[in-house]
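Undergrad: with the sequence up front, the predicted model follows.
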Amino acid sequence: MQLSDVREALLQVGEQDKDAAISSEANSLAEKDLSEFEFLVTIVIWYNVLNHMNIVSKKLQSKDMHLETAIKEINTLITYFKDYRENGYSKAIEEATEIANEMGIDPIFTQKRVIIRKKRCDESSSTQEASFTPEEDFRVRYFLFIVDQAITSLDTRFQQFKEFEKLFGFLFPRVLRGIEDKDLQLSCKVLENALKFEDKSDIDADELYMELKLFNTSNTGQLLNPIDVLKHLKEAEYFPNASIAYRILLTVPVTVASAERSFSKLKLLKSYLRSTMSQQRLSGLAMIAIENEILDHINCEDVINQFAMKNARRASRVIG
C-alpha cells in the first residue's frame with residue numbers, strides 16, 4: 001500500500017508548502033495519523049473491504065452481466081465478508097504489523113482513558129461493564145461494526161435478487177438440467193401467477209412445462225447461460241412460452257450503476273450559479289453528461305431547428 005512513501009510525501013509537503021494551513025495539515029497527517037498503529041490497522045481493513053467491493057462492482061457493470069451470474073457474485077462476496085468477520089481481524093493485525101515495522105512504528109494499540117459511568121439506581125454494586133484490551137476493544141467497536149454493516153448492506157440491497165431467483169431460478173441452465181419433474185411443474189405455475197394480470201398471463205404454465213421438458217431432451221449441454229438458451233430457442237422457433245420466459249428473465253436489471261453515476265455529475269452541473277435550476281433541466285443535463293459518447297454523434301443543427309420550430313408553434317398559438 002506504499003504507506004511509507006505516502007508519509008514521506010506528506011512530510012515534504014509540510015516542509016516545502018508555503019500555505020501554512022496545508023503545511024500544518026500535512027505534518028499532522030504524517031506525524032500523528034500515519035504514525036499510529038491503530039490507523040494502520042484501519043487502512044488495512046478498509047483496503048480489504050473496498051477492494052473486494054470494487055471487484056464485484058466492476059463485474060456487475062459489465063454489458064453481458066445477467067441475473068444468475070450477479071446472484072453468484074453477490075453470494076460469493078457475502079460469503080467472503082462472513083469469513084473475513086471471523087478470521088480477517090488477525091490477518092489485518094499481522095499485515096499492519098509488517099507495515100508498522102517497515103515504518104518504524106510500535107505495533108501496539110494505545111490505552112485509552114476509561115470513562116467511568118455513574119451507576120443507576122437499579123444497578124447493584126456487583127454490576128460491572130465488560131473490560132477489553134485495547135486490541136479487542138478495537139475489534140468489537142470498529143472491525144465488527146464495519147464488516148457487519150457491509151454484510152447488512154449487501155443483504156438489504158440485493159434482497160430483490162433473491163426474490164427474482166425464486167421466480168426464475170429454474171430457468172438457469174445448470175438448474176434446469178437437474179430439476180425434478182414435479183418441481184419444474186410447480187415452478188412453471190409460480191411463474192405464470194407472477195406474470196398474470198387480472199385473467200391474462202404472459203405464459204401458460206402447462207405449455208411452458210412441456211417446452212422445457214422437450215428442451216431438456218435435446219443436446220443443450222453446451223448452453224451455459226440464459227443468453228445462449230434464448231438464442232437457441234429463437235433458432236428453433238417452436239418454444240414460444242420458453243422464449244417469453246427467458247426474455248423476461250434477461251430484462252431483469254442487475255445493477256443501478258447509471259443512476260449512481262449521475263450523482264457524481266451533480267457537482268459539475270449544479271453549482272452555486274445554477275442554484276435555481278429546475279429538476280427537469282437538471283435531469284436533462286445529467287443525461288447529456290453521462291451519455292456524452294452519444295452526444296458526439298448528434299447533429300446540433302437539427303436539434304436547434306426542432307427547438308426553434310416548437311417555440312414558433314407555441315408563439316403562434318399565443319398570438320392567435
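TA: Now that the structure is in, tell me what you want to look at.
Undergrad: so which residue is dead centre in the protein?
TA: Ser57 (5.3 Å; CA atoms, centre = their mean).
Undergrad: for the protein, which segments count as strands?
TA: Secondary structure of the chain (DSSP state E): strands at 196-197, 200-201.
Undergrad: mind listing what's buried in stretch 203-218?
TA: 203, 205, 208-212, 215 (16 or more other CB atoms under 10 Å). Quick note: C-beta positions are derived from backbone N, CA and C, even for glycine.
Undergrad: just give me how far that stretch sits from the chain centre.
TA: Centroid separation between stretch 203-218 and its chain, computed with CA atoms, centre = their mean, to the nearest Å, is 35 Å.
Undergrad: now the two most distant members of the buried residues of stretch 203-218.
TA: Spatial extent of the buried residues of stretch 203-218 (CB to CB) is set by the pair Ala205 and Phe215 at 15.3 Å.
Undergrad: now do the buried residues in stretch 189-208.
TA: 191-192, 194-195, 203, 205, 208.
Undergrad: now do the end-to-end distance for it.
TA: End-to-end distance of stretch 189-208 (CA to CA, to the nearest Å): 9 Å.
Undergrad: what does that stretch rub up against?
TA: 166-168, 185, 188, 240-242, 244-245, 248 (CB atoms under 8 Å, 6 or more residues apart in numbering).
Undergrad: just to revisit the earlier point, same list (the strands of the chain) but as CSV, adding distance to Lys234 and mean pLDDT.
TA: As requested, these are exported to CSV (distance: least, CB to CB, whole Å; pLDDT from 0 to 100):
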stretch, distance to Lys234, mean pLDDT
strand 196-197, 24, 85
strand 200-201, 21, 86
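Undergrad: any chance of the ones you listed in a markdown table, with distance to Ile179 too?
TA: As requested, the strands of the chain are exported to a markdown table (distance: least, CB to CB, whole Å):
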| stretch | distance to Ile179 |
| --- | --- |
| strand 196-197 | 22 |
| strand 200-201 | 21 |
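Undergrad: of all those, which lies closest to Asp155?
TA: strand 196-197 (29.2 Å).
Undergrad: can you give the strand pairings for that closest one, parallel or anti for each?
TA: strand 200-201 (antiparallel) (DSSP bridges).
Undergrad: where does the stretch 51-200 of the chain dip in pLDDT?
TA: For the stretch 51-200 of the chain, the stretches flagged by pLDDT under 70 are 112-131.
Undergrad: what sits against Ser243?
TA: Applying CB under 8 Å, 6+ apart to Ser243 gives the contacts 230, 233-234.
Undergrad: show me the shaky parts of the stretch 201-320 of the chain.
TA: 219-220, 255-280, 282, 312-320.
Undergrad: how about 50 then?
TA: 257-262, 272, 318 (pLDDT under 50).
Undergrad: pLDDT of stretch 22-40, averaged?
TA: Stretch 22-40 shows a mean pLDDT of 85 in the predicted model.
Undergrad: buried set for that stretch?
TA: So, applying 16+ other CB under 10 Å, buried residues of stretch 22-40: 26-27, 29-30, 34-40.
Undergrad: among those residues, name the ones in helices.
TA: Secondary structure assignment by DSSP state H places 26-27, 29-30, 37-40 of those in helices.
Undergrad: from the residues you listed, pick the one nearest Asp148.
TA: Glu38 (19.4 Å).
Undergrad: contact partners for the closest one?
TA: 109-110, 138.
Undergrad: how close does it get to Glu136?
TA: Going from Glu38 to Glu136 by CB to CB, to the nearest Å gives 13 Å.
Undergrad: and if you look at Leu77?
TA: According to CB to CB, Leu77 and Glu136 sit 27 Å apart.
Undergrad: who has more neighbours, the two?
TA: Taking other CB atoms under 10 Å, Leu77 and Glu136 do not tie; Leu77 has more neighbours (20 against 13).
Undergrad: for Asn27, which non-adjacent residue is closest in space?
TA: In space, and not counting its chain neighbours, Asn27 is closest to Gly14: 3.7 Å by CB to CB, 6 or more residues apart in numbering.
Undergrad: my read: the one you found touches Ala30, true?
TA: Yes. Gly14 lies in contact with Ala30 (CB atoms under 8 Å); the separation is 6.5 Å.
Undergrad: that older thread, out of the strands of the chain, which is closest to Val303?
TA: So among those, strand 196-197 is nearest, using CB to CB, at 38.4 Å.
Undergrad: now the longest helix that the chain contains, how far from the centre of its chain.
TA: If you go by DSSP H, the chain has its longest helix at helix 67-103. Counting by CA atoms, centre = their mean, helix 67-103 is centred 16 Å from the centre of its parent chain.
Undergrad: got it, and stretch 33-43?
TA: So, by CA atoms, centre = their mean, the centroid of stretch 33-43 is 27 Å from its chain's centroid.
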